[in-house]
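In: Make a model of this:
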Amino acid sequence: MHGGVIAAIVDEAVWHALVHHYGSKRPCTTTELKINYLRPIPPGNVTARAFTMRAGKTLFVGRVDVFDHQRRLAAAGAATYMLLEALPQA
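Out: Numbering: from 1, shown residues only. Coordinates of the predicted model:
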């Protein structure tokens with residue numbers, strides 16, 4: 001699998017973690033993306049598991065583990081999102 005595709009999977013997985021954490025879609029943009037490619041991923045299904053590292057008022061940081069079809073860790077990444085609107089006040 002091409003490294004750019006893996007990077008896109010990591011970016012998307014962190015976005016899903018952000019939406020899950022805040023309970024809805026938020027206007028945001030990726031400000032940093034880091035991928036460690038650990039092994040080639042042959043054709044087949046991949047699994048990405050995202051974790052929230054920090055969820056603040058202006059930044060959200062998540063990390064992702066990407067597994068190949070044999071459930072071997074193939075890549076690890078992290079992404080930082082800048083939240084473009086403040087949370088609504090209760």
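
In: So which bits of stretch 54-70 are buried?
Out: Counting neighbours by 16 or more other Cβ atoms under 10 Å, one finds that the buried residues in stretch 54-70 are 60-68. Heads up, the C-betas are built off the backbone N, CA and C, glycines and all.

In: Looking at the residues you listed, spot the one nearest Glu32.
Out: Nearest to Glu32 among those is Val61, at 8.5 Å by Cβ to Cβ.

In: any idea which element that closest one lies in?
Out: Using DSSP states H and E, Val61 sits within strand 59-67.

In: ok, then the element right after that strand?
Out: Next along the chain after strand 59-67, with elements defined by DSSP H and E, is strand 73-83.

In: Run me through the strand neighbours of that next one, direction for each.
Out: Strand 73-83 pairs in its sheet with strand 28-37 (antiparallel), strand 59-67 (antiparallel), by DSSP bridges.

In: Closest to the centroid, which residue in the protein?
Out: With distances taken as Cα atoms, centre = their mean, Val14 lies nearest the centre of the chain, 2.4 Å away.

In: Could you confirm it falls within a helix?
Out: Yes: counting by DSSP: H, G, I helix; E, B strand; the rest coil, Val14 is part of a helix.

In: list the contacts for Asp68?
Out: Asp68 makes contact with 39, 41-42, 44, 46, 74, according to Cβ atoms under 8 Å, 6 or more residues apart in numbering.

In: Revised request: answer the last question for Tyr37.
Out: 3, 6, 74-75.
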